[in-house]
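Novice: Sharing a model that was predicted from the sequence below.
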Amino acid sequence: MIKKGVEKGAQIHFAPFSFLQVTFKGPVPEQDFLLLIFFKNKLLRKSLEIYCRSLLLEMEELVTVATIPASVLVYRGGEQFGSEMLCKKREDYLEWPEYFMAVAFLSAQRSKDPNSQVGACIVNSENKIVGIGYNGMPNGCSDDLLPWTRTAQSKLDTKYPYVCHAELNAIMNKNSADVKGCSMYVALFPCNECAKLIIQAGIKEVIFMSDKYHDSPEMTAARRLFDLAGIIYRKFKPKCNKIIIDFDSINGRPSQKPL
């Protein structure tokens, strides 16, 4: 359609030069058609420039001006334009410590313990997660048959002789050869049994959220072991109290371009 318009316009603008004989073999693009006329007679230069400029103006009138979505990229003169170029990065993103502790808390939601849901996340020096775990019964042992109660006449009727703590499971679930030199983010300060495992695994630092059993013999023994082994342990100080996961948020801003 554009070619027909160009040909018709050229015939009108170059009518005074109808003596020129221009023939084509097969289909010729409109730009080649105009260039052939130009090279046939240099006197057409000015008329050609005027016509091309007029044609561009007519084409621009056909373009609908609209707001460009952030996902649309516009190229002009070899350079990239678009609203994305004007956007700055998010400032409310999760920093590494909050992210790792959030992973530990999210992992805890997998626990079937009706009283305590604890999660742990092991991270190496490159800020890569190498192990995640939560408290639960051992593999192959039905959590429907074993007790979950905290108190009973016999200790064998409580969960304590059977349950595996989050720290143990995180170490056993490691996806690397070892966890030496890593840090562990855990919701609850480790007990003495978990402290032994942490030391033996070579973990160098423990970041915990709660130390509500601080004065119990198990936690006192754990701190003593950590001090003797040179393990750093510190309470986590979050920059935000809540992290909300909204599955619908991904549909909040439609985009024409995949993430």
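Specialist: Arrived safely.
Novice: you'd agree residue 168 is in a helix?
Specialist: Yes. Assignment of residue 168 by DSSP: H, G, I helix; E, B strand; the rest coil places it within a helix.
Novice: Run a quick neighbour tally on it.
Specialist: 21 (other CB atoms under 10 Å). Bear in mind the C-beta positions are built from the backbone N, C-alpha and C, glycine included.
Novice: Against residue 246, how distant is it?
Specialist: Using CB to CB, to the nearest Å, one gets 32 Å for the distance from residue 168 to residue 246.
Novice: ditto for residue 107
Specialist: Separation of residue 107 from residue 246 (CB to CB): 19 Å.
Novice: which one of those two has more residues nearby?
Specialist: Remark: of residue 107 and residue 246, residue 107 carries more neighbours, 24 against 8, as counted by other CB under 10 Å.
Novice: tell me the SS of that one?
Specialist: With three-state DSSP as the basis, residue 107 sits in helix.
Novice: nearest residue to it other than its sequence neighbours?
Specialist: Excluding the flanking residues, the one nearest residue 107 by CB to CB, 6 or more residues apart in numbering is residue 119, at 3.4 Å.
Novice: Please apply the same query to residue 171.
Specialist: Closest to residue 171 by CB to CB, 6+ apart is residue 201, at 5.1 Å.
Novice: I'd say the one you found and residue 178 touch.
Specialist: Yes. Using CB atoms under 8 Å, residue 201 is in contact with residue 178, at 7.2 Å.
Novice: So for the two, which sits in the more crowded spot?
Specialist: residue 201 (20 against 12).
Novice: now residue 235, which residues is it bridged with?
Specialist: Beta bridges link residue 235 to residue 208, judged by DSSP bridges.
Novice: Break this structure down into its structural domains.
Specialist: Domain segmentation of the chain under automatic domain parsing yields 2-70, 96-235.
Novice: Now for the nearest residue to residue 146 once chain neighbours are set aside, how many residues are close by?
Specialist: Counting by CB to CB, 6+ apart, residue 146 lies nearest to residue 162, which is 5.0 Å off, once chain neighbours are set aside. For residue 162, the count of nearby residues is 16 (other CB under 10 Å).
Novice: Do you know the pLDDT at residue 162?
Specialist: Here the pLDDT value assigned to residue 162 is 99.
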